[in-house]
Every structure is written in structure tokens, then in C-alpha cells.
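Engineer: how would this look folded up:
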Amino acid sequence: MTYTFRFTVFAALIAVAACQTQNKVMDKKGTAEVIVLSADDIFAGDKVQAFLSNEPQAKNTGVARELFLKGLDAYKNKKDYNGAINSFTESILKQPSNMTYYELGNVYLDTKDYDKALKSYTMAEKLGYEPFSKILYNIACVHSLMQDYELSGQYLEYALQAGYTNIDNIAKDPDLAYLRSYEYQYKMHLNRGLNGMSDAENLFWLQFRKPFAKTKLPLTLDLDKMSIQFTDDFRISYDFEKFISEMRDEKFSREVSKGFYHVAQIVETKKYTALIYVVNDEFSSPDGYEEEEEKVTVPAPKLASYRLVTFTPQGKLIDKKQIAGRELYTDLLKVATISKDKIITIKSYELTHAEDPEDVGYVNNPVKSRELIETEEYNINADGFILPMAASVEMPVTAAAGE
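Structural biologist: I've put the predicted structure just below:
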């Protein structure tokens, strides 16, 4: 197989990974069948795709997310691999997602069930997991552990071409030890991969910023009035921790309570790109959802914060600021408005609840009113720095919640 043909096949794989079928399964009468997944079906790609296009997307999202987080906690914190596999599988049966398949593959990789690891990564790829390069790299590791140096080398080559940038890890990763023992083949595929990655750092940066949809201004970010989509379609993978410092803090503390989600790209110039992402406290902000036929409502105040961050055209961090939301229940609630001329107005409110939170807590304790405490204005200068314009303290103004 020539190098050009291999790269063409690789490009086709990327195109296939981005596509999701929209066809419903039809019965003989031409009406849509109800697709039900069983544990035996989770690696049946066509049936999973049919389920996703047939099943109402929002129906089981809350349940699936809770099961995913339970599995992540079992896997990363408790090292309970069986518990993690069970929770991830149950989450997939409720709502298949690329993130859940990816983490399931990681568990199977750690437990040396390589066949199921490959199947899990393949499903993650089919459902559009990003960064795609990490899927390819993990598959290279699985084949090395299966002592198949030829396939391992090929997938390592593909991973590099797709933007995998951690070259030092390739030389040290124990999962690739078998491939490295075949020095000629290892160096051949490594060099081909490096030669085929025109600009790996730039490609990885493009993969990170691509899901941030360009958004028209003005834009208002008000945590208590927005319907935020905390779903895997908007989740940012921890593999992009290079661009989000809070992810590194979470990773080292072994916490899984924080989720990171794409919000918007608001500015792009020759010198910088301005993005907004939201950091969600997953366990403190459950949504109401339906499970089976019984409606289970879990009302709780949201704990999430919006971060405005600017990067150079090469993906190097310039500046960052929390502009909206709150991290703790006791924090002031920040509401941000970004005008057409890119002025960021941040208003900080003290919230009054229906009952004293010290007595009854915050859950099932709705916000009664907001008191405006402070207004600040910022802009993004020509070099991408987020700078204050004129901060002012205003006289308190009380407004009923929801106005």
C-alpha cells in the first residue's frame, strides 16, 4: 500500500467518523419501528445509529449523564472497573454517546480486554469523538498490547497525521513497548507519521476550536435564564487539557465533578480568537428528567461559570476571565452581555431565596429576587487581552427573579 493511498484511506476514515445516519428503521408497513438496545447491541453500529435517529434525543439524557458520571467516578477514583463497565454500559443503553464509548474503551484497555477496547473505540469514532487523533493513538496501543506491531505502527502513523502531538509520550508509553521493540518498523511508521503531519500543533488546535460555533452579537449569558445543553455533543474532552488549565487541576485532583462544554466563538481576528466555554459542577446541577414512566424532578440551583478566553492563531493562550455564572452557591451571580462592538458588561447580583439557605439549603429553594451589587465593563484589545474599561459600583436595585 503506497503512502498516498494510505493517507487517502485515512482521510476517508475522518469523513466517515463525522457522519451520522439519519435514517429510521422501517417496518413492512413503512412506519418507524421503536428501536430498543440491549447489552448485546452496544457494539452493533448500525443498530446504535438507528436508535439515535429513532429515539427522542432528550428523553434519557439526564439519566445517561448520571450513569456516565457514576462510571467515571468508579473508574478514575475508586478503581472499580466492573462497576465502571456496568455504569457505562447502562448509560449507553439509555443514550449512546462518543464520550461514554471512549471511557468504556479505556476501562477495557486497562483490564486487558483488548477486543472490547477496540470495539468501544470504534464506536466512539463512529459517533464523532474528538480529538480523533487520540482514538487512533489508543488503537495503536491496543494492537501493540495484542503484539501486532504492524497494525500498531500503522495506527500510530495515522494518529500523528491526525494531530497527535505528545511525541515524548510515544517514546515512553509502556503500552507501545512491544511496537518499539521492532525498532525498524517503529521508526518507519513514526517518521512517516511525522512527515505527514504538516503542522500537528496547528491541527490539534483546529480540532479544539472547531466545535465552538460562531455566534452573532449581542450575546447575553445569564445562568438562571439560559437553557444550557450539558450533553456530550457539547462536552469538551479532557484530551484538550492543553487549552483549558482548569482541566489540569481537575485531572491531578482525580475529580470528575466538573464538566467542560463549548458555548461560542465570538471574535476572530488576525491576532486572536475569542472563545467562551462553561465549567459545570455536574453533581450540583442536575436537570429534571424522566426515568421509565415515572417523572423524577431534581430541582437545584445551577453551579456553572462561563469563561471568556483568547488564543493566538496558533492556539497559545493570551488571556482568560470568568464573565458569568458562579462557582459556589454563596458567590454573587454574574450576568454578562457582549455587545456588537465587543464591550463585555458584567453585572454581579446577590440572590435572595424564598427561604434562608442556612436553614433549608439551596435545593428546592427558588430564587426570589436579585440585588444588583456591581457593574463592570471590559473589552478585548487588538492583541487579545481582556482589559477593564471603567468599573463602577451602583446603588442596589432589587428586581424580582425572572424579570
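Engineer: As a check, name the ranges of all helices in this protein.
Structural biologist: Listed from the start of the chain, the chain has helices (DSSP state H) covering 3-18, 45-54, 61-76, 81-94, 98-110, 114-126, 132-145, 149-161, 167-172, 177-181, 183-196, 200-209, 245-252, 357-360.
Engineer: I'd like to know which of those helices is closest to Lys342.
Structural biologist: helix 200-209 (18.0 Å; Cβ to Cβ). Backbone N, C-alpha and C define where each C-beta goes, glycine included.
Engineer: wait, which of the helices of the chain is closest to Lys270?
Structural biologist: Go through the helices of the chain one by one with Cβ to Cβ and the one that ends up closest to Lys270 is helix 200-209, at 15.2 Å.
Engineer: sorry, back to before: could I get the helices of the chain as CSV with mean neighbour count?
Structural biologist: As requested, the helices of the chain are exported to CSV (neighbours: other Cβ atoms under 10 Å):
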stretch, mean neighbour count
helix 3-18, 12
helix 45-54, 18
helix 61-76, 21
helix 81-94, 20
helix 98-110, 24
helix 114-126, 21
helix 132-145, 24
helix 149-161, 24
helix 167-172, 12
helix 177-181, 18
helix 183-196, 16
helix 200-209, 19
helix 245-252, 14
helix 357-360, 10
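Engineer: closest to Ala264 out of these?
Structural biologist: Of all those, it is helix 200-209 that lies closest to Ala264, at 11.3 Å by Cβ to Cβ.
Engineer: Next, the angle helix 149-161 makes with the closest one.
Structural biologist: Put simply, helix 200-209 runs at 70 degrees to helix 149-161, going by axes from the mean of the first three to the mean of the last three Cα atoms, to 10 degrees.
Engineer: hmm, back to that, got TSV for the helices of the chain, with mean pLDDT too?
Structural biologist: Supplementary listing: those in TSV, determined by pLDDT from 0 to 100:
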stretch	mean pLDDT
helix 3-18	41
helix 45-54	82
helix 61-76	87
helix 81-94	94
helix 98-110	94
helix 114-126	93
helix 132-145	94
helix 149-161	91
helix 167-172	89
helix 177-181	96
helix 183-196	88
helix 200-209	77
helix 245-252	66
helix 357-360	86
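Engineer: would you list these in a markdown table and tack on distance to Ala382?
Structural biologist: Formatted as a markdown table, the entries for those read as follows, by distance: least, Cβ to Cβ, whole Å:
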| stretch | distance to Ala382 |
| --- | --- |
| helix 3-18 | 35 |
| helix 45-54 | 44 |
| helix 61-76 | 41 |
| helix 81-94 | 46 |
| helix 98-110 | 37 |
| helix 114-126 | 40 |
| helix 132-145 | 33 |
| helix 149-161 | 35 |
| helix 167-172 | 34 |
| helix 177-181 | 47 |
| helix 183-196 | 36 |
| helix 200-209 | 20 |
| helix 245-252 | 24 |
| helix 357-360 | 44 |
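Engineer: Tell me which of those lies nearest to Glu327.
Structural biologist: Ranking the helices of the chain by their distance to Glu327 (criterion: Cβ to Cβ) puts helix 245-252 first, at 10.4 Å.
Engineer: wait, what's in contact with Ile42?
Structural biologist: With Cβ atoms under 8 Å, 6 or more residues apart in numbering as the criterion, the residues that contact Ile42 are 48, 89, 92-93, 96, 123.
Engineer: I'd like the residues you listed written out as JSON lines, with distance to Leu151 added.
Structural biologist: Written out in JSON lines, the entries for these read as follows (distance: Cβ to Cβ, whole Å):
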{"residue": "Val48", "distance to Leu151": "24"}
{"residue": "Thr89", "distance to Leu151": "26"}
{"residue": "Ile92", "distance to Leu151": "26"}
{"residue": "Leu93", "distance to Leu151": "30"}
{"residue": "Pro96", "distance to Leu151": "26"}
{"residue": "Met123", "distance to Leu151": "18"}
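Engineer: what about the nearest residue in space to Leu221 that is not next to it in sequence, how many neighbours?
Structural biologist: Computed as Cβ to Cβ, 6 or more residues apart in numbering, the closest residue to Leu221 that is not its neighbour in sequence is Ala324, at 3.9 Å. Ala324 has 27 neighbouring residues, counting by other Cβ atoms under 10 Å.
Engineer: now Ala324: how far from Phe260?
Structural biologist: When Cβ to Cβ, to the nearest Å is the yardstick, Ala324 and Phe260 sit 15 Å from each other.
Engineer: Likewise for Tyr329?
Structural biologist: From Tyr329 across to Phe260, the span is 20 Å (Cβ to Cβ).
Engineer: ok, now which ones touch the residue lying closest to Asn138 once chain neighbours are set aside?
Structural biologist: Nearest in space to Asn138, with sequence neighbours left out and distances taken as Cβ to Cβ, 6+ apart, is Tyr121 at 5.6 Å. Contact criterion Cβ under 8 Å, 6+ apart gives 101-102, 105, 135, 138-139, 142 as the residues in contact with Tyr121.
Engineer: Please report how far Tyr121 lies from Leu93.
Structural biologist: 19 Å.
Engineer: of the helices of the chain, which approaches Asp233 most closely?
Structural biologist: With Cβ to Cβ, the closest approach to Asp233 among the helices of the chain belongs to helix 98-110: 8.9 Å.
Engineer: distance between that closest one and the chain's centre?
Structural biologist: Centroid separation for helix 98-110 versus its chain: 14 Å, with Cα atoms, centre = their mean, to the nearest Å.
Engineer: That helix versus helix 81-94: what angle between them?
Structural biologist: Comparing the axes of helix 98-110 and helix 81-94 via the same axes, to 10 degrees yields an angle of 150 degrees.
Engineer: What are the contacting residues of helix 98-110?
Structural biologist: Around helix 98-110, the neighbours that count as contacts under Cβ under 8 Å, 6+ apart are 64, 68, 71-72, 75, 81, 84-85, 88-89, 91-92, 114, 116-121, 123-125, 127-129, 135, 138, 141-142, 145, 175, 232, 235, 237.
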